[in-house]
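Asks: What shape does this take:
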Amino acid sequence: MKLYPHLICLLLLIYGAMRSHGANLLPDFSFPNADSKKLATGDMSVLSKYQGNIPALWYVFDASSGGEYGTLSFPREGRNEQEQVIRVKAYNKELKEKVAEMLSSTPGHADYIGGVINKISSLPEESARRIPIERYFEALARLKTPECVQTMMRFIDDERQVGYFTPCGPSSRRPPNWSVMLHELGLAVGKSFNQPIARMWWDSPAASEFWPPEKLKAYEQRKREEEATLLYRLGLPLADSPLWKVLGVIALLGAAIAGAAHFRKSRQPPG
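Replies: Numbers count the residues shown, from 1 in each chain. Sure thing, here's the model as predicted:
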């Protein structure tokens, strides 16, 4: 039987996608087989030894996101494969959430992946040809801590292009890193981004939950200054002025007097 070129290309694409999904997120890191087997059999207690170990935690986070754990813990019983799939998904979800909590509490977790992206982006073209750079931005977007989003936004002007889309035929370069990053960030926060919109979003209060402390502090200071300027133009005292406190006390006393008068009036007999 003769295989047509487009069919061969399709098979290669499927094979490449399967390899990409199952490949280690961190090529220079090897997770111990014994501990990996424990996780595969449902023993999460092994994670305690990796507290603060950023490469190991990212490895498990990525693997659990792909549903790679639990198949040994929940073997197929008869033909009830659907039940096994449900149990494996639930186990990987629990494992992913546990590792996400451990990663989120470890300073530098996002900087580590940012360093990997920079390292891959600086490789010679042929060495980086098959590396799916989007996986690293996707991992940051899935965790979506403030540190992860801050790290992603540092690539907003990164024009480097890493690797190619197709393993056969006329290869096309991947988009620049900033474009790949914005695609993954947009999926994570539910928005459609281009560079100008992303910059406006990042500088607006809508993104404040992801801001670093110094950016949030600067915004609050600027907001106070703007409010003070507005009050000055209206001829009103500043919000923290002692005059407002005096006016507040007067208002409270007035309300108390009015309330007492109303109470006395209500107690008087009719007529």
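Asks: Between its first and last residues, how far does stretch 121-137 reach?
Replies: End-to-end distance for stretch 121-137, by Cα to Cα, to the nearest Å: 13 Å.
Asks: what comes up buried for that stretch?
Replies: Neighbour counts using 16 or more other Cβ atoms under 10 Å place Ser121, Ala128, Ile131, Pro132, Ile133, Glu134, Arg135, Tyr136, Phe137 of stretch 121-137 among the buried residues. Backbone N, C-alpha and C define where each C-beta goes, glycine included.
Asks: next one: stretch 35-54
Replies: Buried residues in stretch 35-54 (16+ other Cβ under 10 Å): Asp35, Ser36, Lys38, Leu39, Ala40, Leu47, Tyr50, Ile54.
Asks: Quick check: chain neighbours aside, which residue is closest to Gln150?
Replies: In space, and not counting its chain neighbours, Gln150 is closest to Pro212: 5.7 Å by Cβ to Cβ, 6 or more residues apart in numbering.
Asks: Is it correct that the one you found is in contact with Thr145?
Replies: No - using Cβ atoms under 8 Å, Pro212 makes no contact with Thr145, being 11.7 Å away.
Asks: neighbour count winner among those two?
Replies: Between Pro212 and Thr145, counting by other Cβ atoms under 10 Å, Thr145 is the more crowded of the two (17 against 12).
Asks: my guess is that one meets Ser105, correct?
Replies: No - with contacts counted by Cβ under 8 Å, Thr145 stays clear of Ser105, the gap being 9.5 Å.
Asks: The closest residue to Phe29 other than its chain neighbours and Asn177, how far apart?
Replies: Sequence neighbours aside, Pro55 is the residue nearest to Phe29 in space, at 4.4 Å (criterion: Cβ to Cβ, 6+ apart). As judged by Cβ to Cβ, to the nearest Å, Pro55 and Asn177 stand 21 Å apart.
Asks: These two: which is more packed in?
Replies: The neighbour comparison of Pro55 against Asn177 (other Cβ under 10 Å) goes to Asn177, with 24 against 16.
Asks: residues near the closest residue to that one other than its chain neighbours, how many?
Replies: Once flanking residues are discounted, Asn177 sits nearest to Asp158: 3.9 Å by Cβ to Cβ, 6+ apart. Close neighbours of Asp158, defined as other Cβ under 10 Å, add up to 17.
Asks: quick one: secondary structure of Asp158?
Replies: coil (DSSP: H, G, I helix; E, B strand; the rest coil).
Asks: Return the residues in contact with it.
Replies: The contact partners of Asp158, taken as Cβ atoms under 8 Å, 6 or more residues apart in numbering, are Ser121, Pro176, Asn177, Trp178, Met181.
Asks: Nearest to Ser30, out of these: which one, please.
Replies: Ser121 (22.8 Å; Cβ to Cβ).
Asks: ok, back up a step: identify the farthest-apart pair in the buried residues of stretch 35-54.
Replies: Top of the distance list for those (Cβ to Cβ): Ala40 and Ile54, 21.7 Å.
Asks: Okay, now the unreliable bits of the stretch 1-150 of the chain?
Replies: Where the stretch 1-150 of the chain drops to pLDDT under 70, the residues are 1-24, 27-28, 68, 70-81.
Asks: which stretches of it form helices?
Replies: Applying DSSP state H, counting those that start in this stretch to the stretch 1-150 of the chain gives helices spanning 5-22, 33-40, 54-65, 81-104, 109-121, 134-143, 146-153.
Asks: Look up the closest residue to Leu25, ignoring the ones flanking it.
Replies: Leaving aside its chain neighbours, Leu25 sits nearest to Asp62 (4.1 Å; criterion: Cβ to Cβ, 6+ apart).
Asks: Quickly note the distance from the one you found to Tyr136.
Replies: As for Asp62, its distance to Tyr136 is 10 Å (criterion: Cβ to Cβ).
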